[in-house]
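S.K.: my questions are about this predicted structure, shown below with the sequence.
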Amino acid sequence: MTRKDIKISSRLIASMDVSKKNEAIEICKKINNKVDIIKVGLELLYHEGLGIVDTIKGFGYQIMLDAKLMDIPNTISGALRGIAGLGVDIITIHTLGGFNMLKTAMETISQSCDEKKIKRPHLFGVTILTSLDDNDLDHMGFKNTYIDSVLNLALLASKAQIDGIICSPNEVAMLRAKIGDDIYIATPGIRLAGDGVGDQKRVNTPRKAIADGADYIIAGRSLTTKEDVAGTIQLFQEEIKGALKDA
């Protein structure tokens with residue numbers, strides 16, 4: 001599948017930012033399969049365990065397992081051999097773990113899935129979290145701005161030949177210009193006009209993200225907390241369609 005082949009229903013990923021199984025089930029019902037992919041993150045995983053993956057898959061959804069893996073290469077290999085059997089579609093990993101970790105991760109997941117004769121999930125590398133800005137990076141000892149840091153980490157991910165990167169919508173245009181079309185880009189920090197930014201500092205609209213070259217947009221509270229979830233999905237998807245039409 002190429003970037004252009006991604007369905008509209010797959011381009012919007014709904015983030016399950018809840019902690020309880022019954023809350024997740026309720027959101028699955030409200031979404032009513034109007035999107036294809038659900039992001040399952042640390043909050044829900046640590047409250048309900050890995051069984052929640054099968055629960056959500058049971059509703060017919062694909063899974064982005066937002067594991068945000070980061071450790072020494074040997075430990076990451078062991079973790080991925082375990083994750084390979086879960087039947088998820090995308091796994092997130094921190095690019096800050098370095099080139100050797102990323103390369104080892106890609107080799108491990110490929111080998112493990114080949115041995116199990118199952119489809120390999122995509123690996124997406126998290127660059128700089130959308131809750132951080134230049135002031136935060138300065139306090140952390142970074143010498144570069146978040147723009148330069150995101151670019152450096154994205155180039156590292158591309159060199160390691162992982163499938164995709166995750167960045168804020170505000171870096172997408174720059175990354176497409178620098179690294180081309182041979183890698184997927186997914187963007188959290190997505191807000192409709194009038195939505196609050198919450199704890200994220202680098203945000204933008206669905207239309208802007210897709211127009212700049214994002215393949216997937218990830219929406220959590222700005223989608224799942226709305227009274228009319230189905231109607232909100234339609235608003236997101238209309239912006240996606242508009243951006244693709246204008247491209």
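M.R.: Thanks, I have the structure now. Numbers count the residues shown, from 1 in each chain.

S.K.: would you map the helices across this protein?
M.R.: 8-11, 21-31, 42-48, 51-57, 73-83, 99-116, 134-139, 146-159, 172-179, 206-212, 221-224, 229-246 (DSSP state H).

S.K.: quick one: contacts of the worst-scoring helix or strand of the chain on mean pLDDT?
M.R.: Lowest on mean pLDDT, DSSP states H and E among the helices and strands of the chain sits helix 221-224, with a mean of 87. With CB atoms under 8 Å, 6 or more residues apart in numbering as the test, helix 221-224 has contacts from 12, 14-18, 27, 30-31, 190-192, 195, 198, 229, 232-233, 236. Quick note: C-beta positions are derived from backbone N, CA and C, even for glycine.

S.K.: mind giving me the ChimeraX command for buried ones among those residues?
M.R.: To isolate the buried ones among the contacts of helix 221-224 in ChimeraX, judged by 16 or more other CB atoms under 10 Å, type:
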select :12,14,15,16,17,18,27,30,31,190,191,192,195,229,232,233,236
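
S.K.: who's in contact with the residue nearest to G242 when sequence neighbours are not counted?
M.R.: Distance criterion CB to CB, 6 or more residues apart in numbering; nearest residue to G242, sequence neighbours excluded, is R207 at 5.8 Å. When contacts are counted by CB under 8 Å, 6+ apart, R207 touches 239-240, 242-243.

S.K.: what's the answer for M174, then?
M.R.: With CB under 8 Å, 6+ apart, M174 has these contacts: 147, 150-151.

S.K.: what number of residues lie near I118?
M.R.: Neighbour count for I118, taken as other CB atoms under 10 Å: 12.

S.K.: how close does it get to G125?
M.R.: 22 Å (CB to CB, to the nearest Å).

S.K.: centroid-nearest residue for the protein?
M.R.: A186 (5.2 Å; CA atoms, centre = their mean).

S.K.: if I look at that one, how far off is L129?
M.R.: 13 Å.

S.K.: and the two most separated of the contacts of R207?
M.R.: The most widely separated members of these, counting by CB to CB, are I240 and G242 (7.3 Å).
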